[in-house]
Every structure is written in structure tokens, then in C-alpha cells.
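1. structural data only, the sequence is not supplied:
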């Protein structure tokens, strides 16, 4: 005779948020919206444009990007609170607010490496022309495709990776761009960069499953406290030390999620800002003038390396196509080094002429930014290119100059971080329940124990934090849900295979579905625009 364990849901055992908590959240959201709006207004008023169209496009694109981050909150942030809710460590309303607060802090303290790592997957000519019709088609296609897939899986209660869907959308745009264009040198997907990103996304579920299972078994071997391995009794909170551990792991996952996943929206918002209002956002005008001598020194050092490689060759006319061709095809030609040398000289002349990034005239600032970005991407590839035949000292000089270029072009204003954090938090508060129920009730056959919840959260926290250090996007959803499954398997609790199959199916289908959606939308938008 088969017996079935009934998992008691804690979601209906708590009253809704108190009036004080509700009004406190509203006040914080209002303050964040006001700060974001005032900061954006101050930025725009300093360099007004000639027509209303850029402002309209900016507004629509920003709302679309923030809608993507809200869907991210539906999925990934909700995973962070599942274990504390299902072990009765925190009431649902408190857990959601607590998680949202540390997501906010994680977003604000993020480095930006993940943001621009995601952007570098896009075709280089679309990034350089992000303010064109094709550039806007790219931004809207990949955002709308990711939103459609994320919203659909959330509605069905299936935890899905926002990172996975966004990367799939980017690949779809790149492939469609390559198929649609007949121009020589048109790039599609930077597969070298994409493979590294895909590895981090594809292997993270296996890491979550295995490491969480091993951690639970290690705890059982070393920590002989029976209460740690029992399921909650009724609605009684766990002992204070277990409760503290679970709240700590929830806090860590929330912070790590904000510092990693929040950056994906930031990178796209910066593309939107550069495309619509380049005079304000193309270059980092807040970079202190004290950095200019460092920039000039790094420029002079790298010029000696590149000029030596370019000896005997000259570039006639515009050097940008030759460098763009190298970035697109990853193959050094006779024109690569002389064209790169010419770009480095042009950038150096611009910086020396005006003495500060903030003093570069509006009419040339877009070109200067594009030259810097293109040169940075070329250097990123050169230091890894064996055909470049660079010495260790050469690579050091190239990396130092690349950092100076990136400091000038790859920056995120504080208000962008605040806007993304607000969208993540709001998405969590609105849509947390569907995903939390799946993680807490539908993965294992037995109720989540304290040790299982802590093991899954600790692994997720550590994995996401490590990925953030290396600028790799990973999926909070994949790591945590596979971690919960790993602890269930290690504990002998059994898995609900219907849910596991749904999770695996979403994991397998996300990339191809997002690729098809975004590629189709990009083609449609190119035709419409």
C-alpha cells in the first residue's frame, strides 16, 4: 500500500502585512521613484535633444527593461524566500520585504562586470549603432522575448531562469542579424563569449544538485543535532540558532542575486540610454580629471605595442571597418593592427585636446564613445588570441589600457541601480507565491527540513557570489531548485517527478524558445521600423 506525505503549506497561516509595514513599503517605493525621476530629469535637462521622439523611445524602452526586471523578481527572487517561509523561519510578508531589501543592497553594490559581459554577446555593429532603427529593434526584441517566456513560465508556476531566457534572446537577435544582413563583416553571435556564459548557465544546476546533497550529508556526519534534520511541526518557528542560520542564508542568496541578476537589466538600460541620449550617457563624465594622466600613460604604452605590430603597414581612410571586422570574425588581417593603431591615436588626440571626458563636445561624443568601445572589444580578443603573438608584458599593457577605456564607457549611474532594485523588489512582492509554492511543496515528497533549506541556500549563495566575482551570469532559479532536489535525494525523501520533469523541460526549452521568439521579433521590428 502506497502512502503519500501531505506537505502543509504555511502560506495561509499568516495574516497580511500590517498597516505600518504596508505604508513603509509604499513610502520606500515612492522615495525610490522620486529619486530615479529627479536624477533622470537632471541628466536629461543638462543636454536637451531637438525633438520629443528620443524621450518617447527612452520612456517606452525603460518601462520595457524594468518590466523584464519585474519578471525576474517573479522568478529568481522568489526562490530566495522559499526556504525561510516553508521552515516557518519568517512569515511570508516579512520574508518578501527582507529579501527585497537585501536584493536592493546587492544591486547597489554590484560591480557591473556581469552587465557588460551580457552586452558583449550582442553583435558589435548593433551596439555601435544602438540609436539606429536596427539598434532599437534589437533592444525591444530581446526584452519582449524574455518577458513573454518568463511571464508564461511564472503563470504556470514553473521556476525558470531569467538569465537563461535573456541569453537565448541575445543569441536569437545575433543570429537574425546575421541572416538579415548581406553586408560584409556583419557579425552574429560572439560564440567564444557565449560558450563561457552558456557553460555557467548549463552547469549551475548540476553544481547546485551535487553540492547541496554533499553538504547535507556532511552536516549529518559532523553535526549530531536531531532537530536540524526534522521538518517543522505545525506553524512553530525553529529553534533560534536554526532560524538564524536560515535567515542568514536567505539574506545571502538575496544579496548575491541582486548583485548578479540585477546587472542584466542595468546593461540593457545603459544601451537604451546611450542610444536615445548619447550626449549624456555615452561617456562617464563623472570620471575624475585625475584619471586623465593615467589614461594618457596607458595609451602611450599600448601605442608602442600596437605600432610595433603594425610596422610596415598603413591604413587608408576610416580605420573602424577593419577593427570591426576583427571583432566580428576574430581573425587578424593585414589591416587589423594599423587600423587599431589609428583608433588609439584618434582617441588619445581627443582626450588630450579637451583634457577631460566632460568637456568633449556633444557633436563628437558618440563617435568617441564608439571608438573607445570598439578598441576595448578588440583588445579583449587580442589578449586571448594566440595568433597575436603577444608577450606577457604586452598583455599587461593592453589590459591596463582596456581598463582605462572601460572606466570611460562602461559605467552605471546610481539611479539606474535604484530603478532596477525597485523593479526586482516590486516583482517579488507581486508574484512571489507561485514559485515559492513550487519550491516548497512540489519538488520533494516530504516537507523541507531545516538542514535541507540551509544546505540549498548556502550552495546557492556561494555559487552566485563566486560567479559575480568572475563576471559570469548564473541562474538563481536553477541553482536553488536543483539544490533543493539534491537535498531531497540525499535525504532519501524522494522527488515529485512530475515537477522535476517540468523544471527540466523549462530548462531545456528556454534557450530555443527565447532564440526563436527574439529572432522573430527582431525580424518583425526591422521590417516595421
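-> That came in fine, so what should we check first? From a predicted model like this one, the values you see are computed outputs, not experimental measurements. Numbering: from 1, shown residues only.

2. now the residue most central in space within the chain: which helix or strand?
-> The centroid of the chain falls nearest to residue 264 when counting by CA atoms, centre = their mean (2.5 Å). Following DSSP states H and E, one finds residue 264 within helix 262-276.

3. tell me what the helix or strand that that helix is followed by is packed against?
-> Going down the chain from helix 262-276, the next helix or strand is helix 278-281, by DSSP H and E. If you count contacts as 3 or more CB pairs under 8 Å, 6 or more residues apart in numbering; DSSP states H and E, helix 278-281 packs onto helix 19-45, helix 262-276, helix 362-382. C-beta here means a position set from N, CA and C on the backbone, and glycine is covered the same way.

4. helix 19-45 and the helix holding residue 264, what's the angle between them?
-> 30 degrees (axes from the mean of the first three to the mean of the last three CA atoms, to 10 degrees).

5. how far off centre is helix 262-276?
-> For helix 262-276, the separation from the chain centroid amounts to 11 Å (computed by CA atoms, centre = their mean, to the nearest Å).

6. what packs against it?
-> Short answer (3+ CB pairs under 8 Å, 6+ apart): helix 262-276 packs on helix 53-72, helix 92-108, helix 113-119, helix 133-155, helix 162-180, helix 278-281, helix 414-441.

7. which stretch among the ones you listed comes nearest residue 337?
-> helix 113-119 (25.0 Å; CB to CB).

8. re earlier: nearest to residue 325, of the helices and strands packed on helix 278-281?
-> Nearest to residue 325, of all the helices and strands packed on helix 278-281, is helix 362-382, at 10.1 Å by CB to CB.

9. most neighbours per residue, which of the helices and strands packed on helix 278-281?
-> helix 262-276 (a mean of 26; mean count of other CB atoms under 10 Å).

10. follow-up on the earlier one: tabulate the helices and strands packed on helix 278-281 in CSV, adding columns for distance to residue 223.
-> Formatted as CSV, the helices and strands packed on helix 278-281 follow (distance: least, CB to CB, whole Å):
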stretch, distance to residue 223
helix 19-45, 35
helix 262-276, 34
helix 362-382, 46
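
11. out of the ones you listed, nearest to residue 60?
-> helix 262-276 (9.4 Å).

12. okay, the angle between the closest one and helix 362-382?
-> Using the same axes, to 10 degrees: helix 262-276 against helix 362-382 is 140 degrees.

13. could you check the angle helix 262-276 makes with helix 92-108?
-> Using the same axes, to 10 degrees: helix 262-276 against helix 92-108 is 50 degrees.

14. quick one: mean pLDDT over helix 262-276.
-> The average pLDDT within helix 262-276 is 83.

15. other residues contacting stretch 343-350?
-> 296, 299-300, 302-303, 306, 319-320, 323, 360, 364, 368, 371-372, 374-375, 401, 405 (CB atoms under 8 Å, 6 or more residues apart in numbering).

16. could you list the buried residues of that stretch?
-> Residues 343, 344, 346, 347, 348, 350 are the ones in stretch 343-350 that count as buried (16 or more other CB atoms under 10 Å).

17. poorly predicted segments of the stretch 401-529 of the chain, please.
-> By pLDDT under 70, the weakly predicted segments of the stretch 401-529 of the chain are 431-446, 470-473, 494-500.

18. now the stretch 201-350 of the chain
-> For the stretch 201-350 of the chain (pLDDT under 70), the answer is 201-202, 234, 312-313, 315-316.

19. can you do 90?
-> 201-210, 219-293, 307-322, 324-336, 350 (pLDDT under 90).

20. helices of that one, start to end?
-> 240-260, 262-276, 278-281, 291-309, 320-329, 336-354 (DSSP state H, counting those that start in this stretch).

21. for residue 398, which non-adjacent residue is closest in space?
-> Counting by CB to CB, 6 or more residues apart in numbering, residue 379 is the residue found nearest to residue 398 once chain neighbours are left out, at 5.0 Å.

22. mind listing what the closest residue to residue 426 other than its chain neighbours touches?
-> Once flanking residues are discounted, residue 426 sits nearest to residue 70: 6.0 Å by CB to CB, 6+ apart. Going by CB under 8 Å, 6+ apart, residue 70 touches 423, 424, 426, 427, 430, 431.

23. if we go to 10 Å?
-> When contacts are counted by CB atoms under 10 Å, 6 or more residues apart in numbering, residue 70 touches 147, 150-151, 265, 422-431.

24. now these in CSV, with distance to residue 485?
-> Below are these laid out as CSV (distance: CB to CB, whole Å):
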residue, distance to residue 485
147, 27
150, 21
151, 24
265, 28
422, 32
423, 29
424, 25
425, 27
426, 29
427, 24
428, 22
429, 26
430, 26
431, 22
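
25. of those residues - the most surrounded one?
-> Neighbour counts for the contacts of residue 70, by other CB atoms under 10 Å, peak at residue 424, which reaches 31 neighbours.

26. what is the neighbour count of residue 317?
-> Using other CB under 10 Å: residue 317 sits among 9 other residues.

27. contacts only, for the closest residue to residue 272 other than its chain neighbours.
-> Among residues not flanking residue 272 along the chain, residue 61 sits closest, at 4.2 Å (CB to CB, 6+ apart). Contact analysis of residue 61 by CB under 10 Å, 6+ apart lists 136, 139, 140, 143, 268, 269, 271, 272, 273, 275, 276.

28. nearest to residue 418 among those residues?
-> Nearest member of the contacts of residue 61 to residue 418, counting by CB to CB, is residue 269, at 11.4 Å.

29. the closest one and residue 413 touch, don't they?
-> Yes. The pair formed by residue 269 and residue 413 meets the contact definition of CB atoms under 10 Å, at 9.4 Å.

30. got any residues that touch both of those two?
-> 281, 419.

31. touching, residue 128 and residue 366? I think so.
-> Yes. Counting by CB under 10 Å, residue 366 is a contact partner of residue 128 at 9.4 Å.

32. report the rounded mean pLDDT for stretch 150-163.
-> For stretch 150-163, the per-residue pLDDT averages 75.

33. again but with stretch 41-60, I slipped
-> Mean predicted lDDT for stretch 41-60 stands at 78.

34. what comes up buried for it?
-> For stretch 41-60, a neighbour-count test (16+ other CB under 10 Å) marks 43, 44, 49, 54, 57, 58 as buried.

35. ok, stretch 309-326 next?
-> Buried, per 16+ other CB under 10 Å, within stretch 309-326: 309, 310, 315, 319, 320, 322, 323, 324, 325, 326.

36. export those residues as JSON lines, with columns for distance to residue 111.
-> Putting the buried residues of stretch 309-326 into JSON lines (distance: CB to CB, whole Å) gives the following:
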{"residue": "309", "distance to residue 111": "31"}
{"residue": "310", "distance to residue 111": "34"}
{"residue": "315", "distance to residue 111": "35"}
{"residue": "319", "distance to residue 111": "31"}
{"residue": "320", "distance to residue 111": "29"}
{"residue": "322", "distance to residue 111": "32"}
{"residue": "323", "distance to residue 111": "27"}
{"residue": "324", "distance to residue 111": "27"}
{"residue": "325", "distance to residue 111": "31"}
{"residue": "326", "distance to residue 111": "27"}
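
37. which one among the residues you listed gets closest to residue 91?
-> Using CB to CB, these come closest to residue 91 at residue 324, 55.1 Å.

38. right, I'll call it a day here.
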